[in-house]
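Undergrad: Next comes the sequence, and after it the predicted model I'd like to discuss.
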Amino acid sequence: MTTPPPTTDPIPRGLRIGAAFSWRFLAIVAALAVVAATVVHLAEIVIPFLIGLMLSALLVPLSNGLQRRGWPKWVAILGTWLVALGTLAALALLVAVQIRLDLPRLETQVEHTIASAKQLLDTHPFGLTPDKLTDYVSDGTAYFREHAATFGEGFAHAGTGIIHAAEGLFIVIFTTLFALIDGGNIWRWVTRLFPRAAQDRIVTAGNAGWKTLTAFIRIQVVVAATDGIGIGIGAAILGVPLAIPIAVIVFLGAFVPVVGAIIGGVLAVGIALVFNGWVTALLMLGVVIVVQQLESHVFHPLLTGTAVKVHPLGVVLGVTAGTAIAGIVGAFFAVPLIATANAMIHAALNHGKAPELAQPEEAAASEAPPADAVPAAEAGDSPTEEPAKSAT
């Protein structure tokens, strides 16, 4: 009995491989689109949760460090909260004191500005006669009357937004609180939702992602403080009013890569221009440029090292994409999400490989033991690890 000759596949091998990759890629894109749509739909929950997670990345290492030094668990958690709230209260107090001290000077400057504006209007610049100004005021008043209902709806939406902001604040507080109290057990519960064969790989990826996130948050705090202090000192030396509020705004804005630095610098220069004139504004611009150049090319690379492996092009593209998708919120979360996802993916891919086959930081992450196997004496800052000498 003769065997039939083998049939040849009319579809080229390269086309078959390309088609296989294509449908798998489309399936991944579809899954990511579903996740993105879910996140957008639940943004009022997801955004506060992510903020709480980032705040936890800053506070959990402090709490764990206190517990490793013999502090009882609840005392360490309470001390961590006191440090965080005390820092915010101190910043608010400094801003309030600065505004109160500069208030007489600001009032004088505002009166001078109004008088200058009146003198300018007396010269009828751009053909602005008193009759035309009266017509403009009348038109504006009529417009507000005609669209009173629209403005009322806007105020109603603003009130709803305040309620949602309060709800989000509670989510941030409770996310951070439970991460401090029971973060390790929460993460172990999450890993048990996956197949047993994948749990070790997920734990390794989680350890690497948490390590990267904590490093990123620490670096951002130091860099933001450097920007705020540098620009605030420059504003104080130049005699620009509200130097401390400027420093605080620059500090907060530095947490939004690229965009925040630009907004903080523009605000500092604008205040200097309004209250001190264009010469001081130019000097303030020089201070802003010098501080931000030192931060970008000296402090940030020095502090980052190999902790956060994200190329500057990736940062720019990530911030741009995040801004296009979700506005200022997307710009805020873009870089930490990219850095964390990058670390988790590399750690998962190198899980189980020999150390010499993986990159140094990836090998270290892949060699991290499962969360349940971390000895208490060696526990670190990861939420999958329990600090030593913790007392419930």
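TA: Everything's here; your move. Keep in mind the model is a prediction, meaning the values are calculated, not measured.
Undergrad: Any chance you could give me the helix or strand hosting residue 290 in CSV, C-alpha atoms only?
TA: Assessed by DSSP states H and E, residue 290 sits inside helix 278-294. The C-alpha coordinates for helix 278-294 follow below in CSV (Å, rounded to 0.1, in the frame of the first residue of the first chain):
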residue,chain,number,x,y,z
TRP,A,278,9.9,92.9,33.8
VAL,A,279,13.5,93.1,35.0
THR,A,280,12.8,91.0,38.0
ALA,A,281,10.6,88.7,35.9
LEU,A,282,13.5,88.1,33.6
LEU,A,283,15.8,87.3,36.6
MET,A,284,13.1,85.0,37.9
LEU,A,285,12.9,83.3,34.6
GLY,A,286,16.7,82.7,34.8
VAL,A,287,16.3,81.2,38.3
VAL,A,288,13.6,78.9,37.1
ILE,A,289,15.7,77.7,34.0
VAL,A,290,18.8,77.1,36.1
VAL,A,291,17.0,75.2,38.8
GLN,A,292,15.1,73.0,36.3
GLN,A,293,18.3,72.3,34.3
LEU,A,294,20.1,71.3,37.4
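Undergrad: So which elements touch the helix or strand containing residue 205?
TA: According to DSSP H and E, residue 205 maps onto helix 196-237. Applying 3 or more CB pairs under 8 Å, 6 or more residues apart in numbering; DSSP states H and E, one finds that helix 196-237 makes contact with helix 43-68, helix 148-191, helix 243-253, helix 259-276, helix 278-294, helix 300-304, helix 312-349, helix 360-366. Where you see a C-beta, it was placed from the backbone N, CA and C, and this is true even at glycine.
Undergrad: okay, the angle between it and helix 312-349?
TA: Computed by axes from the mean of the first three to the mean of the last three CA atoms, to 10 degrees, the angle separating helix 196-237 from helix 312-349 equals 150 degrees.
Undergrad: Give me the average confidence score over helix 196-237.
TA: On average, the pLDDT along helix 196-237 is 90.
Undergrad: Helix 278-294 and that one, what's the angle between them?
TA: Put simply, helix 196-237 runs at 150 degrees to helix 278-294, going by the same axes, to 10 degrees.
Undergrad: ok now helix 196-237, how far from the chain's centre?
TA: Mean-position distance between helix 196-237 and its chain equals 9 Å (CA atoms, centre = their mean, to the nearest Å).
Undergrad: next one: stretch 97-107
TA: Relative to its chain's centre, stretch 97-107 lies at 31 Å (CA atoms, centre = their mean).
Undergrad: Then stretch 243-256?
TA: 14 Å.
Undergrad: Then stretch 184-194?
TA: The answer for stretch 184-194 is 25 Å, by CA atoms, centre = their mean.
Undergrad: Alpha carbons only: can I get it in CSV?
TA: C-alpha atoms of stretch 184-194 as CSV (Å, rounded to 0.1, in the frame of the first residue of the first chain):
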residue,chain,number,x,y,z
GLY,A,184,1.0,41.9,52.6
ASN,A,185,-2.1,39.8,53.2
ILE,A,186,-4.1,41.8,50.6
TRP,A,187,-1.4,41.2,48.0
ARG,A,188,-1.2,37.5,48.8
TRP,A,189,-5.0,37.2,48.5
VAL,A,190,-4.7,38.9,45.0
THR,A,191,-2.1,36.4,43.9
ARG,A,192,-4.2,33.4,45.0
LEU,A,193,-6.8,34.5,42.4
PHE,A,194,-4.4,33.4,39.6
